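K.L.:
Starting from these lines, generate the structure:
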Amino acid sequence: MKYMLISIIMIAGVVMGNTFTVSARNRMELIKSLESCVTGIVNAMTMRGMTLTRALSEAGDTGQDASVIFYRCSLIMKENPGIEAQRAATEAFHIEKPEGADKEFIEKTAQFIGTISRAGTANQIDEAAAVFKASLYEMAEETKEIRMKRAKAARNLCLFSGIAIGIILI
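P.N.:
The predicted structure is shown next:
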């Protein structure tokens, strides 16, 4: 009976500790992937003169976590030529919601796509990308803080599990 209780406590501690840190790690990977895709979209539009739909489609071919969103957004825009780019991005997130994307993340990404769709010059696209990357940096910093707090909570959980096991064995 003791050993069964000890194993349950240990397994629960490992599962809870892993759950605490995995979601923050997935969000960081998504942010890095998104930043890379945004750079590709901006370069495609400003340097090579691509349309937004084509740039989003090309960003969707990179194989990154966020690329699925941009590819889906380009498909929605191709299927519905009159749709606003910001609305298409929001719909793409609802169809292909990646792990780690919350409401703020979706809104800022959709707003960025909407802003570059209305941009008239390459300079406006670059400015929109700079603003969006700054917000991504802020989200990354928040995620790092959350991850550190969760890692500390997981460490404390393991410590208390060890103490509980020690008490049970005595």
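K.L.:
where along the chain do the helices fall?
P.N.:
If DSSP state H is used as the criterion, the helices of the chain fall at 2-46, 52-59, 67-79, 85-95, 103-118, 122-169.
K.L.:
need these in a markdown table with mean neighbour count and mean pLDDT, can you?
P.N.:
Any C-beta I mention is one placed from the backbone N, CA and C, and that applies to glycine too. Putting those into a markdown table (neighbours: other Cβ atoms under 10 Å; pLDDT from 0 to 100) gives the following:
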| stretch | mean neighbour count | mean pLDDT |
| --- | --- | --- |
| helix 2-46 | 16 | 77 |
| helix 52-59 | 22 | 86 |
| helix 67-79 | 21 | 87 |
| helix 85-95 | 20 | 87 |
| helix 103-118 | 18 | 88 |
| helix 122-169 | 14 | 79 |
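K.L.:
Could you measure from S23 over to L34?
P.N.:
16 Å (Cβ to Cβ, to the nearest Å).
K.L.:
OK, contacts around the nearest residue to V42 once chain neighbours are set aside?
P.N.:
In this structure, V42 finds its nearest non-sequential neighbour in A129, 4.5 Å apart by Cβ to Cβ, 6 or more residues apart in numbering. Going by Cβ atoms under 8 Å, 6 or more residues apart in numbering, A129 touches V38, T39, V42, F112, I116.
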